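Colleague: Okay, sequence plus prediction incoming.
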Amino acid sequence: MQSSSSSAPPGKRSLYLTLIIVIVLTLFSSITMAESTGEASSEAKVHIVYTEKPTDEEPKEYHLRTLSSALGSEEAAKDALIYSYKEAASGFSAKLTPAQVEEISKQPGVLQVVPSQTYQLHKPVGAGGFKLT
């Protein structure tokens, strides 16, 4: 009867060693990618900023003034502003860094700041867009 502590044949040892190296490298690259993703989180991303409805000025001017207060200049506000909402909701969309989101959240009249999300309602199938049966 052979003992369970016997060594693997030389060919299998190199296979095991190769497998271990591949696993370690895969784990290392996963960790590296996760860390680099964390650094990229300081990039500006589109957010929706909900505000109180302005009563004494045009919505776009109010939104630019609010954004200017948080970003430090009217020029920076104009560069960041994507769209000014004034019908169904009062607010605007703008490209903001996490620090800018924190700053604009403190501004008077700002009710909520949320990341913009895009949802796909239907997945296109084929050239016509939808599968007909």
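Modeller: The structure has been received and is ready for your questions. Numbering: from 1, shown residues only.
Colleague: any low-confidence regions in the protein?
Modeller: 1-10, 22, 24-41, 122-133 (pLDDT under 70).
Colleague: Can you name the residues bridging to the spatially closest residue to residue 82 that is not a sequence neighbour?
Modeller: Distance criterion CB to CB, 6 or more residues apart in numbering; nearest residue to residue 82, sequence neighbours excluded, is residue 93 at 4.4 Å. For glycine as for every other residue, the C-beta is placed from the backbone atoms N, C-alpha and C. Counting by DSSP bridges, residue 93 forms beta bridges with residue 48, residue 83.
Colleague: correct me, but residue 93 touches residue 46?
Modeller: Yes - at 5.7 Å, residue 93 counts as touching residue 46 under the criterion of CB atoms under 8 Å.
Colleague: sorry, back to before: how far away is the residue nearest to residue 82 from residue 11?
Modeller: Counting by CB to CB, to the nearest Å, the separation of residue 93 from residue 11 is 61 Å.
Colleague: Next, show the common contact partners of residue 93 and residue 46.
Modeller: 82, 116 (CB atoms under 8 Å, 6 or more residues apart in numbering).
Colleague: ok, back up a step: I'd like the distance between the residue nearest to residue 82 and residue 12.
Modeller: In terms of CB to CB, residue 93 sits 59 Å off from residue 12.
Colleague: So if I had to pick from these two, which one is more boxed in?
Modeller: residue 93 (17 against 10; other CB atoms under 10 Å).
Colleague: Helices of the chain, residue ranges please.
Modeller: If DSSP state H is used as the criterion, the helices of the chain fall at 10-40, 59-71, 74-80, 98-105.
Colleague: ok and the second one relative to helix 98-105, angle-wise?
Modeller: Meaning helix 59-71. 120 degrees (axes from the mean of the first three to the mean of the last three CA atoms, to 10 degrees).
Colleague: and residue 49, how many residues sit next to it?
Modeller: 26.
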